[in-house]
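In: okay, sequence plus prediction incoming.
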Amino acid sequence: MAGIMFQDITTLLLNPKAFKDTIDLFVERYKGKNISVVAGIEARGFIFGPPIALAIGAKFVPLRKPRKLPGEVISEKYILEYGRDCLEMHVGAVKSGERALVVDDLIATGGTLCAAMNLLERAGAEVVECACVIELPDLKGRERLNGKPLYVLVESH
Ligand SMILES: O=P(O)(O)OC[C@H]1O[C@H](OP(=O)(O)OP(=O)(O)O)[C@H](O)[C@@H]1O
Ligand SMILES: Nc1ncnc2[nH]cnc12
């Protein structure tokens with residue numbers, strides 16, 4: 001993609017110690033926080049979300065691109081650094097009042113995380129925090145999260 005400095009997490013996955021250390025940092029932060037839902041964003045949030053969910057005893061809820069989930073869904077459209085897209089979540093996956101963590105690999109403009117939080121909040125969940133491995137702070141994605149806390153492991157300028 002012309003003009004985009006693509007941040008690739010696949011090299012991290014090739015190093016089992018680095019991958020485990022990454023997951024452990026999130027698990028240390030979120031265990032014992034009464035979080036019952038880890039929502040992961042397709043596609044790269046599906047890599048980091050499930051191991052965190054298993055370690056803290058939460059269910060994993062996939063937030064998917066359109067027309068991938070077989071059941072009834074709610075949808076949120078959003079705009080990102082290189083186009084527009086939409087996220088969907090199964091109706092009934094999350095109950096009203098549940099405490100949720102949203103996980104993705106990276107925040108750029110924040111549009112994706114904003115759409116994810118909207119889906120969870122429409123289902124009545126309380127989003128406790130968003131967690132990403134990488135933040136691109138120059139794109140000011142944090143400002144689109146309506147004051148919701150965002151935890152990241154590294155910033156890339
Ligand atoms: O903060 P934003 O500007 O919304 O961008 C961040 C999103 O962009 C990337 O996913 P992408 O939409 O490229 O999809 P993919 O994971 O399926 O490759 C990344 O994994 C985040 O989900
Ligand atoms: N620069 C970037 N690198 C990787 N994933 C992205 N998603 C949005 N912007 C991105």
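Out: That came through fine. Numbers count the residues shown, from 1 in each chain. Ligands and ions are numbered 1, 2, ... in the order given.

In: can you show me the helices along this protein?
Out: Counting by DSSP state H, the chain has helices at residues 10-13, 16-30, 45-56, 111-122.

In: the last one vs ligand 1: in contact?
Out: Yes. For a cut-off given as Cβ under 6 Å from any ligand atom, helix 111-122 has contacts with ligand 1, namely Gly111, Thr112. Backbone N, C-alpha and C define where each C-beta goes, glycine included.

In: how close does the most centrally placed residue in the chain sit to Gly92?
Out: In the chain, the residue lying closest to the centroid (Cα atoms, centre = their mean) is Val103, at 2.7 Å. To Gly92, Val103 is 21 Å away according to Cβ to Cβ, to the nearest Å.

In: picking up where we left off before, the nearest residue to the residue nearest to the centre of the chain once chain neighbours are set aside: what's it in contact with?
Out: Among residues not flanking Val103 along the chain, Gly49 sits closest, at 4.0 Å (Cβ to Cβ, 6 or more residues apart in numbering). Gly49 sits next to Val38, Ala39, Gly40, Ile41, Phe60, Val103 when contact means Cβ atoms under 8 Å, 6 or more residues apart in numbering.

In: what's across from the residue lying closest to Leu54 once chain neighbours are set aside in the sheet?
Out: Excluding its sequence neighbours, the residue lying closest to Leu54 (Cβ to Cβ, 6+ apart) is Phe60, at 7.8 Å. Beta bridges link Phe60 to Val38, judged by DSSP bridges.

In: which bits of this protein sit near ligand 1?
Out: 41-44, 80-81, 85, 104-112, 141.

In: up against ligand 2, what does this structure have?
Out: Checking the chain against ligand 2 by Cβ under 6 Å from any ligand atom, the hits are Ile4, Met5, Phe6, Gln7, Leu80, Glu81, Leu106, Ala108.

In: which members of those residues are the farthest-apart pair?
Out: Met5 and Leu80 (14.6 Å; Cβ to Cβ).
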